[in-house]
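**Student:** I'd like to go over a predicted model; first the sequence, then the structure.
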Amino acid sequence: MISNELVDLSRLQFAVTAMYHFLFVPLTIGMVWILVIMESVYVMTGNVIWKDMTRFWGKLFGINFALGVTTGITMEFQFGTNWAYYSHYVGDIFGAPLAIEGLMAFFLESTMIGLFFFGWNRLSRNQHLMVTVLMAVGTNLSALWILIANGWMQNPVGSEFSYLTMRMEMTDFWAVLFNPDAQAKFVHTVSAGYVTGAMFVLSISSWYLLKKRDVAFAQRSFRVAAAFGLASVCSVIVLGDESGYTVGEAQQTKLAAMEAMWETRPAPAGLALLAGINEAEQKNDWEVEIPWVMGILGTRSLSKEIPGIHEIKAKNRERIVQGIKAVSALETLRANREDATAKQKFERYKADLGFGLLLRKYVLDVKQATPAMIEQAVNDTVPRVLPMFWGFRIMVGLGFAMLVLFGLAFYSTIRTSYQQKPWLLKWSLWMLPAPWVACELGWFVAEYGRQPWTIYGVLPTHMSVSTLSVGNLYGSLAGFVGFYTVLLVVEMFLMFKFARMGPGSLGTGRYQNDIGSHTPALTA
C-alpha cells in the first residue's frame, strides 16, 4: 500500500504549485478585457491617452503573464511525475481538454501577446485592436478548457469504467464539454478574474489620485475599473450562486461541509451565517441562522431537502459495502475476462466501484476489510468541516465587500467627484489583496472539498499517486517553494517598480517621472 506520508506530500506539492500559479492567473484573465476596453476607446476617439493607458496597463499585464506561464508549466508535468496512476486511469478523458487547450488556446494567446507588444508601429489601429481582442479570447479559451478538465474531476459525466482496459473511458465528449459543473465553474472563475483585474487597476489608479499625479490618466483608468469591476463582481455573486447549486446536485458532501450541516433539516433549510463548529462531537455548539435561504439557494425549491453529513455518511457506508462486491468482481474479471457471473456482478455494482476502492487505503484485499476499516473509509468521505465552513464565508464576505466598494466607486465616477474623496481612494488601495485572497479560498474550497477523491466518486486520492520516494518529494517540494518564491519576489519587484513609475515608464514625455523626453504632462 502507498504510505499516507507519500500521498500527503504529493497533495501538498500540487497544492503549493497550484496556489502559486493561481496568484497570476486571475490578473491575466481580468486585465486582458480591460485592455480591450481601453484600446477600443482609443480606436474610436483617437485620443492618445487611451493608447497610453493600453500600453501601460499592458506592460503590467505582460509581466504577470510571463510569470503565470512559468508557474503553470510544472503543473502539467506533475500529472506524469507525481500522479502517474491518475494519468493512466483517466488520461483518455482528462488529457483531451488539456491537449485542446494547448493546441487551440495557448498558441493563440501566446502569438497574439507577442503581436500586442511589438505590433504598435507595424499594425493599423484596427488591426492592433483585433490582436488585443484575440489575445483576450485566447486567454479565456485557455481557462475554459482547463476548467472543463477540472469540472470533469468534480462531476465525471460522459465516461465509464471499462474492465477490459482497467481504465475510465470517454463515452460522450459533448457531455464532458457541456458538463454543468464545468460551465458554472468557468463563468464563476473568469468573473473572479475580471474582478481581480479591475481591483488591480482601481487600486493603483487610486494611489495616483491620492498623490495627485498623472490625474487625467488615473481618472480614466479609475472610471474603467469601477464600471468593469461592478459588472464583474455582480456576475461573480450571481454565478457563484449557480456554482453552489451545481455543487449541491453533484457533490452533496461538499455542500454539507461548506454549510456545517450535520443533520438533514426540514425543507427549506436555513443558512448558518455563523456557527461554533464542534467536529469532535459532529455538531454545531451554536448557530446564527437565516431561515429558508440555504434551501432556496441549494435546491431552487421550497420542498426539496438538503442531506446532512450524518445522512450522507450512512449512504456512503452502503456504497462502500456495495463497492466491495464491485472490486471483488473486477478482480475475478482481471483473471478471466470471460467469466459471465463476474461480468453480471460487476455491472450490477460498478457504480460503487470507487467507494470500494476507498478501502485500499487500509487493506489490499478489500474483501478482508473489517467493520472498523469500513467506518474509517466512511469518515474519510467527508472533508474537515471547519476550514470548509470558514473558508467559504471569508470568500463570500470579501465578495460583498468588493461589491460595495465597486458600487461606491462607480457612483463617484458618475458624480465626477472621486478625486475629492480620499477615504474612497484609500479604501480602494487597501482592498488590493482582497480578490487574490478570495480566489485562493475559492480554489481551496473547491479542491479540498472534493477529498478524498481526485475524480469524485471514481478514483480515491490515495490510489492516484506515483510510486516515488518520500525523500524525492521533500526535495522537489523544497525546490518548487524556493524557485516559486524567487519568481514571486521578481514579480512583485517589477510590478511595484513600474506601478510607481506610472505611465512615465512609457517614455512618451507626457507624464510625470518620464524616462524619455520632458514635455508638459497631460492634465485632466
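**Tutor:** Cool, got the structure. Numbering: from 1, shown residues only.

**Student:** all helices for the stretch 151-300 of the chain, in order.
**Tutor:** 173-177, 180-211, 215-250, 252-258, 293-299 (DSSP state H, counting those that start in this stretch).

**Student:** I misspoke; the intended subject was the stretch 351-500 of the chain.
**Tutor:** Secondary structure of the stretch 351-500 of the chain (DSSP H, counting those that start in this stretch): helices at 353-357, 371-380, 385-414, 422-430, 434-448, 470-501.

**Student:** for Arg500, which non-adjacent residue is spatially closest?
**Tutor:** Once flanking residues are discounted, Arg500 sits nearest to Asn513: 8.0 Å by CB to CB, 6 or more residues apart in numbering. In this view, the C-beta of every residue, glycine as well, is placed from N, C-alpha and C.

**Student:** and Ile296, which of the helices of the stretch 351-500 of the chain is closest to it?
**Tutor:** Ile296 sits nearest to helix 385-414 of all those, at 16.0 Å, using CB to CB.

**Student:** what's the weakest-modelled helix or strand in this protein?
**Tutor:** helix 293-299 (a mean of 82; mean pLDDT, DSSP states H and E).

**Student:** mean neighbour count and distance to Lys367 added to the helices of the stretch 151-300 of the chain, as JSON lines?
**Tutor:** Below are the helices of the stretch 151-300 of the chain laid out as JSON lines (neighbours: other CB atoms under 10 Å; distance: least, CB to CB, whole Å):
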{"stretch": "helix 173-177", "mean neighbour count": "16", "distance to Lys367": "33"}
{"stretch": "helix 180-211", "mean neighbour count": "24", "distance to Lys367": "33"}
{"stretch": "helix 215-250", "mean neighbour count": "21", "distance to Lys367": "30"}
{"stretch": "helix 252-258", "mean neighbour count": "24", "distance to Lys367": "26"}
{"stretch": "helix 293-299", "mean neighbour count": "20", "distance to Lys367": "38"}
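
**Student:** Lys343: which of those helices is closest?
**Tutor:** Of all those, helix 173-177 sits nearest to Lys343, with 24.8 Å by CB to CB.

**Student:** quick check, pLDDT for Gly151.
**Tutor:** For Gly151, the pLDDT comes out at 92.

**Student:** what sits against the nearest residue to it once chain neighbours are set aside?
**Tutor:** In this structure, Gly151 finds its nearest non-sequential neighbour in Ala182, 2.6 Å apart by CB to CB, 6+ apart. By CB atoms under 8 Å, 6 or more residues apart in numbering, the residues touching Ala182 are Leu147, Ile148, Asn150, Gly151, Trp152, Gln154, Asn155, Val176.

**Student:** likewise Pro452?
**Tutor:** Shown in contact with Pro452 (CB under 8 Å, 6+ apart): Leu358, Asp380, Thr381, Pro383, Pro460, Thr461, His462.

**Student:** these two touch, right, Arg510 and Arg55?
**Tutor:** No. Between Arg510 and Arg55 there is no contact under CB atoms under 8 Å: 11.6 Å.

**Student:** pass me the low-pLDDT residue ranges in the chain, would you?
**Tutor:** For the chain, the stretches with pLDDT under 70 are 1, 416-420, 515-524.

**Student:** how does the chain divide into domains?
**Tutor:** Following automatic domain parsing, the chain resolves into domains at 4-251+383-506, 309-380.

**Student:** now for those domains, which one comes closest to Thr264?
**Tutor:** Of all the domains of the chain, domain 309-380 sits nearest to Thr264, with 4.8 Å by CB to CB.

**Student:** quick one on the thing from earlier: next, the residue nearest to Arg500: phi, psi?
**Tutor:** Here is the backbone geometry of Asn513 (degrees, to the nearest 10): phi 60, psi 30.

**Student:** could you do Asn179 as well?
**Tutor:** Backbone torsions for Asn179, taken as degrees, to the nearest 10, come to phi -50, psi 120.

**Student:** which residues touch it?
**Tutor:** Ile148, Gly151, Trp152, Asn155, Val157, Gly158.

**Student:** between the residues you listed, identify the one with the most neighbours.
**Tutor:** Within these, neighbour counts (other CB atoms under 10 Å) peak at Trp152, which reaches 28 neighbours.

**Student:** good, wrapping up.
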